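Colleague: Take a look and give me a structure for this.
(one chain, ligands or ions: 1)
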Amino acid sequence: MAAGALHRSIRTIQLHGCSNDSAYTMEYGSSSLKLISKGFTVDVKFLSNRSRSFNHCKMHVFHAFSSHASVIDPTLSTSHVTTNFNQNTSIESSLILIRHGESMWNERNLFTGSVDVPLTKRGIEEAIEAGKRISSIPVNMIYTSALIRAQMTAMLAMTQHRQKKIPIIMHDESLQAKEWTQIFSEETIQQSIPVITAWQLNERIYGKLQGLNKEETVVRYGKEKVHEWRRSFDSPPPNGESLEMCSQRAVAFFKENIEPQLQNGRNIVVAAHGNSLRSIIMYLEKLTSQEVTNLELSTGVPLLYIYKHGGFLKRGSPVGPTEYGVYAYTRV
Ligand SMILES: O=C(O)[C@H](O)COP(=O)(O)O
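Modeller: Numbering: from 1, shown residues only. Okay, here's the model as predicted:
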């Protein structure tokens, strides 16, 4: 197995030359495992139960975007891997969080939640401005929610980036989608940035408030009640998600998918929403459920964190494309 070579197209790899090592196969008798390659983690999933023999088994690759994948130590379990990377104190990477620009329902002051609403012209401009602010910070991967306002924000921001790489949405929804979206030029791959979309980063579900005007809702239910629904940690709006419920999916996704990439030195942009980002910031900054009630995020303002020594240092919001501007910060 250690001598095995990985030959890959972007989304599918074929593992060659690995022995029919039943002990190994038994050890990973689940549906997925992680392989570690230079600089990043490759999550793989068996395509079918029948192909669990490692002899020429086909696997699906998530988040791999390099042609130099190689198996370093197949005997490491996922938890060992995480521990090892945490101990590597020299790794420093950046995490940029951006709440989407103004949406058409933000403009009308309507509760939006899971409803998929596009940006306004102002939102488009905010996304472009956000892109200028982060244009000097290297970006290796982008994560967005499954909602168009976050995806538009990420894409528009990247039009300003100095790397001039092309953000490309990864389509994992079916085997066919993966096949159809393969790229066959290594050079083109190197000029691309993978964009992973995840429903777990969606805005919290606002339930029966979705589509209601925020001011009218205050008149109807009272200021205190509406404030509790909007900002408390654990009171869900009718039929909706509390921040706590939203955090259970958003922070779990962050820990399982984004944090390992940062641990491997990848620089990440996350374009998401007021409340999914509030829950992630709560985790990054170890805020209490009381402290998070005061956390407000503006639309289209990027926030920079440096991942270092296994922890997150808040750098605030980059104010411009110069080196100075990147590390100066505004109060948000
Ligand atoms: O979903 C919404 O309406 C907004 O994007 C966030 O709303 P909030 O400020 O009420 O949490």
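
Colleague: how about the helices in the protein?
Modeller: Using DSSP state H, the helices found in the chain span residues 22-27, 78-87, 104-107, 121-133, 148-158, 175-180, 186-190, 214-221, 223-231, 243-253, 259-263, 274-284, 323-327.

Colleague: for the ones you listed, which one sits closest to residue 168?
Modeller: helix 186-190 (9.1 Å; Cβ to Cβ). Heads up, the C-betas are built off the backbone N, CA and C, glycines and all.

Colleague: Any buried residues in the closest one, and which?
Modeller: With burial defined by 16 or more other Cβ atoms under 10 Å, the residues of helix 186-190 counted as buried are residue 189.

Colleague: Quick check: mean pLDDT of it?
Modeller: If you average the pLDDT over helix 186-190, you get 97.

Colleague: residues contacting residue 119?
Modeller: Shown in contact with residue 119 (Cβ atoms under 8 Å, 6 or more residues apart in numbering): 100-104, 127, 149, 152-153, 156.

Colleague: Give me the spatial nearest neighbour of residue 102, chain neighbours excluded.
Modeller: residue 123 (3.8 Å; Cβ to Cβ, 6 or more residues apart in numbering).

Colleague: Give me the pLDDT value at that neighbour.
Modeller: 98.

Colleague: Next one: it from the ligand, what distance?
Modeller: 11 Å (Cβ to the nearest ligand atom, to the nearest Å).

Colleague: count of residues packed around that residue?
Modeller: 24 (other Cβ atoms under 10 Å).

Colleague: sorry, back to before: I'd like the helices of the chain as CSV, with distance to residue 200 appended.
Modeller: Formatted as CSV, the helices of the chain follow (distance: least, Cβ to Cβ, whole Å):
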stretch, distance to residue 200
helix 22-27, 29
helix 78-87, 19
helix 104-107, 21
helix 121-133, 22
helix 148-158, 12
helix 175-180, 19
helix 186-190, 26
helix 214-221, 25
helix 223-231, 21
helix 243-253, 4
helix 259-263, 13
helix 274-284, 8
helix 323-327, 29
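
Colleague: Tell me which of the ones you listed lies nearest to residue 140.
Modeller: From the helices of the chain, taking Cβ to Cβ, the stretch that ends up closest is helix 259-263, at 7.7 Å.

Colleague: Please look at residue 249 and residue 204 and confirm they touch.
Modeller: No: in this structure residue 249 lies outside contact range of residue 204 using Cβ atoms under 8 Å: 9.3 Å.

Colleague: Find the closest residue to the ligand in the stretch 1-150 of the chain.
Modeller: Of the stretch 1-150 of the chain, the residue with the smallest distance to the ligand, taken as Cβ to the nearest ligand atom, is residue 112 at 3.6 Å.

Colleague: Could you verify my assumption that that residue touches residue 105?
Modeller: Yes: at 4.4 Å, residue 112 counts as touching residue 105 under the criterion of Cβ under 8 Å.

Colleague: Could you list the single helix or strand in this protein with the lowest mean pLDDT?
Modeller: Ranking every helix and strand in the chain by mean pLDDT, DSSP states H and E puts helix 22-27 at the bottom, with a mean of 24.
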